[in-house]
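> sequence and predicted structure below; questions after.
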Amino acid sequence: MTSEEYQLLENNIPKANNVSNEEYEQLLNEQVQKIANENNHSIETPMGTFTPNNQNENPGQNQKIDLNSMPAGDFSTEGMSEEAQNEIDKLTRQKDFEGLSQEKYNDSVSEIMNDEINKN
């Protein structure tokens, strides 16, 4: 994301402490998607890659999270349903204590995250 695009993003969404976390994330996703569409290039974020979408029918919902293609690091489950958070906690225990591979863990968590995005 260029500095001009970042400035545009900052100007078009409210301050994070002025709205709920869910509303902020939704507005942020919609604006990043809009910028990707208008400038016809992908934008990588910690929560996934936003690719240009000419249909623009479901803004913010065409990004696909793939933790295996992202740099290693923590991710947030904030704003996810309790069920999704519990599933991720269970997978984390399996990875840490029961031998679940990192790749399979990432695949499963990515799927849960994408399902959560598509629910909203």
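That came in fine, so what should we check first? Numbers count the residues shown, from 1 in each chain.

> list phi and psi for the residue nearest to residue 32 when sequence neighbours are not counted.
Once its chain neighbours are removed from consideration, residue 32 has its nearest residue in residue 50; the separation is 5.0 Å (CB to CB, 6 or more residues apart in numbering). Any C-beta I mention is one placed from the backbone N, CA and C, and that applies to glycine too. Torsion angles at residue 50 (phi, psi; degrees, to the nearest 10) stand at phi -100, psi 120.

> identify the bridge partners of residue 50.
With DSSP bridges as the criterion, residue 50 is bridged to residue 43.

> OK, contacts around it?
Counting by CB atoms under 8 Å, 6 or more residues apart in numbering, residue 50 touches 29, 32, 33, 35, 36, 42, 43, 44, 62, 63.

> show me the contact partners of stretch 100-112.
Contacts with stretch 100-112, where a contact means CB under 8 Å, 6+ apart, come from 65-68, 75, 80, 84, 87-88, 91-92, 94-95.

> which residue is the nearest non-sequential neighbour of the residue nearest to the spatial centre of the chain?
The residue lying closest to the centre of the chain (CA atoms, centre = their mean) is residue 47, at 3.0 Å. Closest residue in space to residue 47, ignoring its immediate chain neighbours: residue 65 at 6.4 Å, by CB to CB, 6+ apart.
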